[in-house]
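**Student:** I would like the atomic coordinates for the input below:
(one chain, ligands or ions: 2)
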Amino acid sequence: MKEFDIHSILDEVSRAMGQAMENYSPLPETEEIGTIRSVEEGIVWVGGLTRVQFEELVLFDDESMGMVLDILPDRVGIVLFGSNDTLASGQRVARTHRILDMPVGPEFLGRVVDPLGRPLDGLGSMGETERREVLKEAPPILDRSPVVKPLQTGLKVVDALIPIGRGQRELILGDRQTGKTAIALDTIINQRGKGVKCIYCAIGQRSAGVAKTISDLKERGAMDYTTVVVVEGDDPPGLQYIAPYAATTMAEYFMHRGEDVMVVYDDLTRHALAYRQLSLLLRRPPGREAFPGDIFYIHSRLLERATHLKTELGGGSLTALPIAETEAQNISAYIPTNLISITDGQLYLSPDLFQKGVLPAVEVGKSVSRVGGKAQIPAYRKVAGDLRLSYTQFHELESFARFGARLDDSTRKSLNHGLRVREALKQDQFSPLTAARQIAVLLAVTRGYLDPVPENRMARAQEAVFEKIEAALPDLEDRIDTIGSDDPLWEKMDQVIRDAIREVEAPDADPGSSG
Ligand code: ATP
Ligand code: MG
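**Tutor:** Numbers count the residues shown, from 1 in each chain. Ligands and ions are numbered 1, 2, ... in the order given. Alright, predicted model coming up:
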């Protein structure tokens, strides 16, 4: 019988234990690698990834990535950013311990990219660039400071009556084909030379529309300081879902360098539809209008990222111009009300005004800017002070007058004045105006100098005002940001404007003689 040697047994046990310790890994392989259970349109269900985190990236066998958007006890729902063609049930899925990030940087200005930063313009790779998290949290309140600088849209009706400040969130809201995109594009074009970088994010639009937008921006030199992020309606809903966050991530790069940047989300109604589609695929219970209950959070989490950072953090700003489409002018539908309550105001575009040719079709009575007033160039206050009131009163008067009511002289006079105000606030697309030009026209109309000008000569009168003002007061443009309300410049402007209009008003005025 073999002798029982306790020492040799102990040696053997401890050797075995040491080996076991060496081979020990804290996570058994089954928790790092899962298996596809089923593949659906835009999402897949995966089993076995019991420790995966919400919004973590996972890697498929075909090297494409997905993002965890739903965690259930027995499986996780993964959204896809690409097609599901090469995925099949039974394939392996690996955790990455990473969350979604994307390339950012100045290399992206002038480029058209998808929400993962991949070029769509055929101009080649951006090279090595910095990467940033896409679904980042918004800056805390303590990092923010009040909005103090204006974001000039170049549109008289907006800059005078519903002014927007850098770091503000202003919703552009209206039915189909009311000029929503046009307002955003004019604002981008007006940033030329003003140091505001722009990101235009097209979500779910038809490609012909997007191509037109890009060529409009190019033609006016706006691509030099703009990035266009595009995701189309037939792209996977996961890619549509992350698009506005990706645009914001690109913008934050500039904000954190102390620069000013503006993002247009065109539009968040389509974004909400993509998210609704994802949620239904993930079989989440639908809520109001079949949207998932967290759609409010999805949009507030996005728009909270717009802000003006305090000086210690560089003082950069991110202005958000989300666009939303209403149906039959119903601004109290679910998505519009959500967005109205998340933003600092809205520009409401009316199909009635659009049809009447009052463009931009901003309905002043339903539009508001809750923070931009403090940032507005002070000179506007002098000329736009009671413009808003007289303009809304005019609208009421006008509908009253339409019933053929007999009008007394003073009513007729204020109707006539209101008509001129409306005419003066009209503006063609792609013709943003400098603050000095805007203020000159507004001064002319508020002081009633345009009242005797026939409606069909209003445009010519405005041109004459611009020309004469620029010839007589060439330093107005530089001084406009700071002139006080009793600066002698106002009286000089007044004189020049009256002279300019008198020439146009005269019946024998020759259109070719000015200048
Ligand atoms: P959609 O709902 O299809 O996105 P939208 O509300 O964005 O439409 P736009 O595409 O901006 O509307 O404008 C609709 C049409 O009106 C366009 O052809 C545009 O060129 C024209 N338009 C918009 N604003 C003006 C303007 N101020 N002056 C002249 N034309 C304009
Ligand atoms: Mg549009």
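**Student:** near G77, how many other residues are there?
**Tutor:** When neighbours are defined as other Cβ atoms under 10 Å, G77 has 22 of them. Heads up, the C-betas are built off the backbone N, CA and C, glycines and all.
**Student:** what's the pLDDT at it?
**Tutor:** Here the pLDDT value assigned to G77 is 96.
**Student:** any idea how far it lies from ligand 2?
**Tutor:** Noted for G77: a distance of 32 Å to ligand 2, by Cβ to the ion, to the nearest Å.
**Student:** tell me which element that residue falls in.
**Tutor:** Assessed by DSSP states H and E, G77 sits inside strand 76-80.
**Student:** that strand pairs with which strands?
**Tutor:** Paired neighbours of strand 76-80 in the sheet (DSSP bridges): strand 43-47 (antiparallel), strand 65-71 (antiparallel).
**Student:** skip the chain neighbours and tell me the closest residue to whichever residue of the stretch 401-515 of the chain sits closest to ligand 2.
**Tutor:** Residue of the stretch 401-515 of the chain nearest ligand 2, by Cβ to the ion: Q429 (12.1 Å). Leaving aside its sequence neighbours, Q429 sits nearest to A182 (Cβ to Cβ, 6 or more residues apart in numbering; 4.9 Å).
**Student:** and what about the residue of the stretch 401-515 of the chain closest to ligand 2, helix, strand or coil?
**Tutor:** Assigned by DSSP: H, G, I helix; E, B strand; the rest coil, the conformation of Q429 is coil.
**Student:** contacts only, for it.
**Tutor:** Going by Cβ atoms under 8 Å, 6 or more residues apart in numbering, Q429 touches 179, 182, 185-186, 359.
**Student:** quick one: neighbours of A384, just the number.
**Tutor:** By other Cβ under 10 Å, neighbour count at A384 equals 22.
**Student:** surely it and L161 touch.
**Tutor:** Yes - counting by Cβ atoms under 8 Å, A384 touches L161, with 6.1 Å between them.
**Student:** let me know the pLDDT of A405.
**Tutor:** 67.
**Student:** what residues does this protein put near ligand 2?
**Tutor:** 180-181 (Cβ under 5 Å from the ion).
**Student:** tell me which residue is most central in the chain.
**Tutor:** What sits nearest the mean C-alpha location of the chain, by Cα atoms, centre = their mean, is V264, with 2.4 Å.
**Student:** secondary structure class for that one?
**Tutor:** Counting by three-state DSSP, the backbone at V264 sits in strand.
**Student:** and the one 10 residues further on, by the same measure?
**Tutor:** Under the three-state scheme (three-state DSSP), A274 adopts helix.
**Student:** nearest spatial neighbour of it, skipping sequence neighbours?
**Tutor:** A274 sits nearest to Q240 (Cβ to Cβ, 6+ apart), 3.6 Å away.
**Student:** wait, what's in contact with that neighbour?
**Tutor:** 115, 203-204, 231, 233, 270-271, 274.
**Student:** tell me which residue of the protein lies closest to ligand 2.
**Tutor:** Closest point on the chain to ligand 2, by Cβ to the ion, is T181, at 3.2 Å.
**Student:** distance check, M65 against R305.
**Tutor:** 23 Å (Cβ to Cβ, to the nearest Å).
**Student:** when those two are compared, which one has more neighbours?
**Tutor:** R305 (22 against 16).
**Student:** leaving aside the residues next to it on the chain, what's closest to that one?
**Tutor:** Nearest non-adjacent residue to R305 (Cβ to Cβ, 6+ apart): A138, at 4.7 Å.
**Student:** now A375
**Tutor:** A375 sits nearest to G165 (Cβ to Cβ, 6+ apart), 3.2 Å away.
**Student:** name the SS class of L347, please.
**Tutor:** Going by three-state DSSP: L347 is strand.
**Student:** any stretches of the stretch 1-150 of the chain with poor pLDDT?
**Tutor:** Applying pLDDT under 70 to the stretch 1-150 of the chain flags residues 1-3, 23-31.
**Student:** at 80 what do you get?
**Tutor:** The stretch 1-150 of the chain contains residues with pLDDT under 80 at 1-4, 17-31.
**Student:** circling back: so where does the residue nearest to A274 fall, helix or strand?
**Tutor:** Using DSSP H and E, Q240 sits within helix 237-255.
**Student:** rounded mean pLDDT for that helix, please.
**Tutor:** Computed over helix 237-255, the mean pLDDT rounds to 98.
**Student:** looking at stretch 337-355 now, give me its mean pLDDT.
**Tutor:** Stretch 337-355 comes out at a mean pLDDT of 97.
**Student:** quick one: the closest residue to ligand 1 within the stretch 201-350 of the chain and Q429, what's the gap?
**Tutor:** At 5.6 Å from ligand 1, E325 is the closest residue in the stretch 201-350 of the chain, using Cβ to the nearest ligand atom. Distance, E325 to Q429, using Cβ to Cβ: 19 Å.
**Student:** same question for E259.
**Tutor:** E259 is 27 Å from Q429, by Cβ to Cβ.
**Student:** check W45 too.
**Tutor:** Computed as Cβ to Cβ, the W45 to Q429 distance reads 47 Å.
**Student:** now do S83
**Tutor:** From S83 over to Q429 the distance is 37 Å, taken as Cβ to Cβ.
**Student:** likewise Q191?
**Tutor:** Distance, Q191 to Q429, using Cβ to Cβ: 16 Å.
**Student:** show me where the stretch 251-400 of the chain dips below the pLDDT cut-off.
**Tutor:** The stretch 251-400 of the chain contains residues with pLDDT under 80 at 385-386, 390, 399-400.
**Student:** close to ligand 1: what parts of it are there?
**Tutor:** Applying Cβ under 6 Å from any ligand atom, one finds that the stretch 251-400 of the chain approaches ligand 1 through 325, 359-360.
**Student:** how about the strands in the stretch 51-200 of the chain?
**Tutor:** Secondary structure of the stretch 51-200 of the chain (DSSP state E, counting those that start in this stretch): strands at 56-60, 65-71, 76-80, 92-99, 101-104, 112-113, 130-133, 171-174, 196-205.
**Student:** likewise for the stretch 351-500 of the chain?
**Tutor:** 368-369.
**Student:** so how far is the helix or strand E503 falls within from its chain's centroid?
**Tutor:** Here E503 sits within helix 489-505, counting by DSSP H and E. In terms of Cα atoms, centre = their mean, to the nearest Å, the gap separating the centre of helix 489-505 from the centre of its chain is 38 Å.
**Student:** next one: phi and psi at the closest residue to G195 other than its chain neighbours?
**Tutor:** With Cβ to Cβ, 6+ apart as the criterion, G195 has its nearest non-adjacent residue at 6.2 Å, and that residue is D260. Reported as degrees, to the nearest 10, the phi and psi values for D260 are phi -100, psi 140.
**Student:** show me what D260 is bridged to.
**Tutor:** On the basis of DSSP bridges, D260 is bridged to V196, S317.
**Student:** what about it, neighbour count?
**Tutor:** 23.
**Student:** tell me the confidence at P507?
**Tutor:** 58.
**Student:** and Q462, by the same measure?
**Tutor:** Per-residue pLDDT puts Q462 at 94.
**Student:** thought it was touching V441?
**Tutor:** Yes - in this structure, Q462 is within contact of V441 by Cβ under 8 Å, at 5.4 Å.
**Student:** what residues are shared contacts of the two?
**Tutor:** A424.
**Student:** so how far is R131 from V104?
**Tutor:** Counting by Cβ to Cβ, the gap from V104 to R131 is 7 Å.
**Student:** so between the two, which is more surrounded?
**Tutor:** Legend: neighbour count by other Cβ under 10 Å for V104 and R131, higher for V104 (23 against 13).
**Student:** correct me, but the more buried one touches T249?
**Tutor:** Yes - counting by Cβ under 8 Å, V104 touches T249, with 6.2 Å between them.
**Student:** overlap in contacts, these two.
**Tutor:** Joint contacts of V104 and T249 (Cβ under 8 Å, 6+ apart) are R132.
**Student:** please spell out the PyMOL selection for the buried subset of the residues of the stretch 251-400 of the chain next to ligand 1.
**Tutor:** Selection of the buried residues among those in PyMOL, burial being defined by 16 or more other Cβ atoms under 10 Å:
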select buried, resi 325+359+360
